[in-house]
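Undergrad: Generate a structure from the sequence data that follows.
(2 chains)
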Amino acid sequence: MAEHTIRSRQRTFGRYSVLLFGAVVMIGPFIWMVVASLKTDTDIQRIPPGLLPNPVTGANYTRVVDTFPFWRFMANSIGVSLASTLLQLILATTAAYCFARIEFRGRNGLFGLYLATMMIPQQVVIVPLFIEMRNLHLINTYAGLLLPTIVSSFGTFLMRQAFLALPKELDEAAFVDGAGHLRVFFRILLPLTGPALATFAVFAFMASWNAFLWPLVITSGSQSHMTLPVGLAQLQGRFSTNWNVVMAGSVMSIAPIVAFYAFTQRWVIRSVAFTGTKG
Amino acid sequence: MTKTKNLRTRRSLVGLAAAAALLLGACGSDDKTDTANSGSPDTTASSGEDAAGGDKVTLTYFTFSAAPDHLADLDTIITAFESENPSIHIEVQTAAYADYFTSLQTQVAGDAAPDTFELNYENFVTYARGGALLDLSPYVTDGSIDPARYFPLALDGFTESGTQYGLPATFSDVVLIYNKTLFDAAGLDYPTADWTWADEQAAADALTDPAAGVFGNYQPVSFHEFYKALAQTGGSFFGPDGKASFNDAKGVEAATWLTHKPGTTMPTLADIGGTPDYDTALFKSGKLAMWHNGIWQFTGLNETGIDYDIVVDPGNTTKASAVFMNAAVASKGTSHPVEAAKWIAFLTGSPTTVETRLASSWELPAVNDEAAFATYLTSGAPANRQAVFDSLDNVALPPVLERQQEMQDIVANALESVLTGGVDVQTALDNAAAEVNALLD
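TA: Down below sits the predicted model:
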């Protein structure tokens, strides 16, 4: 009996050590980022680097805000990310419903084509896309920032899987009762895919928030429509960079994502936990 | 029956909507009046475009050197310009240097280039030969631009096939920065302007103390240092036939000079680990005795209180210093060439610009005016600021090709293969020369 307890205690100890190690590895960089943002210019360049800031200074945060229209960048990023996420949700779920539930000729081929577009790297399309935006007079506009991002093949694929997992009997019962496709979609299927929707929303938001290449190109250096990643990149000078200021900017820029994730956390975890089981 | 009728109505509605969308799309794209303004990108600025008759003209100026530290200084220059030219408004666009050319190339390729922008010497050739730049000769003739205002070397640097395409805005050079405290502690004499590689090597060996983590000298193993070292030993990157000639004996000597340092008098590549500004941090921590770096470091070094001075970069058989130059250029497709020429002439040569740049240590204006630099020479550490100008007596300009970035990558990879791959120097240079020659076609 005692041996059994010792071994189970060892197992628990082992498990917790591994988890603790994993936690340190995951959170370590973020803690380092916050610590670095509190260091002075001289302190950040010390070799070997110190673990704690000495002296502690909050001046870097003001420096970031003073150098650029930081709140404008933040507002642009939040606005564009939210709009992009919302539009992606709408377009991807409706497309996924069609691919999952409506029979039409060439459906599988079309879906395959959809997926194939995921393999095209962004760098390949960026110049033609820019020319197209210029022809549409959408350079340095919010529409230009948003439009290429709202169609998400990955999202369509994700939501299609979620819909396929739901039994067809639900639809059929609704059709028998006189419901059309729209009602089946909105009232019956969509509410059942809550966790998948939340996961997709988080991915879409993060991708939009961190997007760099397209916002860099479409804003053409103009600060009015710049988003945070592009704006903060300018904190890096040509010959040298004040990393403490860059870290302060980064801390401020991840705050909204952390908040967004905290809000949707419950559904994401539930979605991951229920992977492989029905409904 | 009703369901079929509804279906038919719905299908026709969808068809109508699709047709309407197509029509709207067609309306958006081809606006004849805008082909005239194809030079300037669409912005949300409300100022009107063009005019005969005193309407405000808006010029865009795209720059990589203003952000993040000198946006206010640029504003000072712009305010002065706009007060002298009330009908012209300058709109600034910024990007970090690392991302600048991505954005610029896309804009130029998309026929939406900024009216005026900044280029450095290495990338100038690509844009000049690609036909993206405005020919400035008419504006020299009509007096908007005064060529005598600029350093002749700098002005020549921005011509292509005899045509002036850019005006030199700033220059900076690479010198030898040394830590006086470490030299004193070791009882060694400070470097002088007569030093050669042998002198530097001797001092570096004496000053390197691995136990204390102190290193004797630091010279990045890079394309930029390579062509400079090549010039310092009397070699040249391209031969008289236009083919790569850096794999001769002099090239091997230069490459060996660079690659033998890591691991002896300099930290190894593994120690550096790709950390950006590793050498800056090392020098500022007082752990580096001699440092090959540029004059842009002065402001940062002065903040740390380190006792340092500078001297012209030691050569081997001859002196040669690396000089970086930036130019202000106008794009060929700009709709306001006259105003653009006025703006870049002001930006590069006006007294306001010279004062502002010197006062805020925002690189050095490339103007041919000794009196203007008098204040610079006596404005504090390092004491030997004269070395900044003495370095201009023997300049190693970067070799430039249309496919510049590829050439730089080839050389950088060759040097790295010597360090990390154990490849023999001659072999690495021979391979690199062959690859560079392939780029020439």
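
Undergrad: Quick one: residues contacting B:Gln219.
TA: Counting by CB atoms under 8 Å, 6 or more residues apart in numbering or on different chains, B:Gln219 touches B:225, B:258, B:261, B:266, B:292. C-beta coordinates here come from the backbone N, C-alpha and C atoms, glycine included.

Undergrad: which pair in those residues spans the largest distance?
TA: Using CB to CB, the contacts of B:Gln219 span at most 11.8 Å, a distance reached by B:Glu225 and B:Met266.

Undergrad: Who has more neighbours out of those two?
TA: B:Met266 (25 against 20; other CB atoms under 10 Å in any protein chain shown).

Undergrad: so that one makes contact with B:Tyr218?
TA: Yes. Under the criterion of CB atoms under 8 Å, B:Met266 makes contact with B:Tyr218 at 5.2 Å.

Undergrad: my guess is B:Gly326 is in a strand, correct?
TA: Not quite, residue B:326 is Asn, not Gly. Yes. Note on B:Asn326: a strand contains this position according to DSSP: H, G, I helix; E, B strand; the rest coil.

Undergrad: how about it, what does it touch?
TA: B:Asn326 makes contacts with B:65, B:118-121, B:168-171, B:363, as judged by CB under 8 Å, 6+ apart.

Undergrad: Turn these into TSV, columns for pLDDT and secondary structure.
TA: Listed next are the contacts of B:Asn326 as TSV, based on pLDDT from 0 to 100; DSSP: H, G, I helix; E, B strand; the rest coil:
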residue	pLDDT	secondary structure
B:Ser65	90	coil
B:Glu118	95	strand
B:Leu119	95	strand
B:Asn120	91	strand
B:Tyr121	89	helix
B:Pro168	94	strand
B:Ala169	94	strand
B:Thr170	92	strand
B:Phe171	90	strand
B:Glu363	85	coil
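
Undergrad: What pLDDT does the model give the nearest residue to B:Thr196 once chain neighbours are set aside?
TA: Nearest non-adjacent residue to B:Thr196, counting by CB to CB, 6 or more residues apart in numbering or on different chains: B:Pro314, 5.5 Å away. The per-residue pLDDT reported for B:Pro314 equals 94.

Undergrad: What is the burial count for B:Pro314?
TA: 22.

Undergrad: ok, now B:Glu363?
TA: Neighbours of B:Glu363 (other CB under 10 Å): 22.

Undergrad: Tell me the spacing between the nearest residue to it once chain neighbours are set aside and chain A.
TA: Nearest non-adjacent residue to B:Glu363, counting by CB to CB, 6+ apart: B:Thr170, 3.8 Å away. B:Thr170 is 11 Å from chain A, where distance means CB to the nearest CB, to the nearest Å.

Undergrad: Equivalent analysis for B:Asn247, please.
TA: B:Asn247 is 30 Å from chain A, by CB to the nearest CB.

Undergrad: what do you get for B:Thr420?
TA: 22 Å.

Undergrad: give the contact list for the residue nearest to that residue when sequence neighbours are not counted.
TA: Leaving out its chain neighbours, the residue that sits closest to B:Thr420 by CB to CB, 6+ apart is B:Leu269, at 6.2 Å. Taking CB under 8 Å, 6+ apart as the criterion, B:Leu269 is in contact with B:221, B:262, B:416, B:419-420.

Undergrad: I'm done for today, thanks for sticking with me.
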